[in-house]
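**Student:** Here is my input, please return the structure:
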Amino acid sequence: MSKAGHKPILTEGETAVAEFVPDARTYWRDHAWMAALAMAGGMAILWAIGNPHVWAGAIGGLAAVAVRAWYLASEELAVRWVLTEEQLLGPGGRRMRIDEITKLRSLGSAVQVITRAGDKHLLKYQADREATLSRLRQAGAGRGA
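**Tutor:** As a prediction, the model looks like this:
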């Protein structure tokens, strides 16, 4: 998907009232935590199976997460979510009316949006997750079924 596909297109008469973008610092911080967990997990597995080279688990965990982070950074940091007075618009043509959003949750630095139909969407790597949740709630999202 091209970067142009990450910015929602407003229809005629729609006005953006807020935009939610991923934060680069939060992206790299989250990946540092994932790397630390992957390193510890890799070492624990090697220790548990009796491998004398436990340190290799740390290198493998770090390498796996570092490659993933580097490879996906341009895609993940290009994603834009736009809130209008009536809808939340996301990448790839995602559109949901505010009154269809029944639940909002925080997952790490992300905000999960759940619709009445059960669709789940993530607004990832939010610098201020609580501000994102608050703005969506102010718009009327997450008031239940």
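**Student:** in this protein, which residue is closest to the centre?
**Tutor:** Lys124 (1.8 Å; Cα atoms, centre = their mean).
**Student:** out of everything not next to it in sequence, what's closest to that residue?
**Tutor:** Spatial nearest neighbour of Lys124, excluding adjacent residues (Cβ to Cβ, 6 or more residues apart in numbering): Ala110 at 4.6 Å. (Each C-beta comes from the backbone N, C-alpha and C, glycine too.)
**Student:** List the residues that contact that neighbour.
**Tutor:** When contacts are counted by Cβ atoms under 8 Å, 6 or more residues apart in numbering, Ala110 touches 122-126, 129.
**Student:** what does Pro22 give?
**Tutor:** Counting by Cβ under 8 Å, 6+ apart, Pro22 touches 76-77, 79, 124-126.
**Student:** Tell me where this structure has helices.
**Tutor:** Shown for the chain, the helices assigned by DSSP state H span residues 24-48, 55-76, 129-138.
**Student:** Which elements pack onto the second one?
**Tutor:** The criterion is 3 or more Cβ pairs under 8 Å, 6 or more residues apart in numbering; DSSP states H and E, and the helices and strands that helix 55-76 contacts are helix 24-48.
**Student:** again, but for the longest one
**Tutor:** Judged by 3+ Cβ pairs under 8 Å, 6+ apart, helix 24-48 is in contact with helix 55-76.
**Student:** ok so, going back, quick one: closest of the helices of the chain to Ala18.
**Tutor:** helix 129-138 (5.2 Å; Cβ to Cβ).
**Student:** The closest one: how far from the chain's middle?
**Tutor:** Helix 129-138 sits 15 Å away from the centroid of its parent chain (Cα atoms, centre = their mean, to the nearest Å).
**Student:** how does this structure divide up, domain by domain?
**Tutor:** 16-21+81-138, 24-76 (automatic domain parsing).
**Student:** possible to save those as TSV with distance to Pro8?
**Tutor:** As requested, the domains of the chain are exported to TSV (distance: least, Cβ to Cβ, whole Å):
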stretch	distance to Pro8
domain 16-21+81-138	3
domain 24-76	16
